[in-house]
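Trainee: Structure of the sequence below:
(one chain, ligands or ions: 1)
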Amino acid sequence: MTEKKKKEKKAETHICHACEEVIYPEDEQEYVKTKRNTKMWFHRNCIRRQMYGSNKKH
Ligand SMILES: [Zn+2]
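Mentor: A predicted model of the protein is given here:
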């Protein structure tokens, strides 16, 4: 038996700042850098939605 070292890649999941749901690695996603040097993640769809609906306040 040989020992296999498994490199566990932690798939980083992020929370979408628009809809507050998990962004899965296979989802289309984008991030925005803030002044605090942090990243805000969004689904690409959510960005689109925000752009189109930016004048509308909920
Ligand atoms: Zn989203």
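
Trainee: Spatially central residue (nearest the centroid) of this structure, please.
Mentor: Note on the chain: the residue nearest the mean C-alpha position is W41, at 3.8 Å, using CA atoms, centre = their mean.

Trainee: From R49, how far out is that residue?
Mentor: Taking CB to CB, to the nearest Å as the measure, W41 falls 15 Å from R49. Yep, even glycine has a C-beta here, placed from its N, CA and C like the rest.

Trainee: With D27 instead?
Mentor: For D27, the distance to R49 equals 14 Å [CB to CB].

Trainee: E26 too?
Mentor: Taking CB to CB, one finds E26 at 19 Å from R49.

Trainee: So which of the two has more stuff around it?
Mentor: Each of E26 and R49 has its neighbours counted (other CB atoms under 10 Å); R49 has more, 14 against 7.

Trainee: Surely R49 is in contact with C16?
Mentor: No - contact between R49 and C16 fails when scored by CB atoms under 8 Å: they sit 10.8 Å apart.

Trainee: For this structure, which segments are assigned as strands?
Mentor: 14-15, 22-23, 29-33, 39-43 (DSSP state E).

Trainee: No further questions, thank you.
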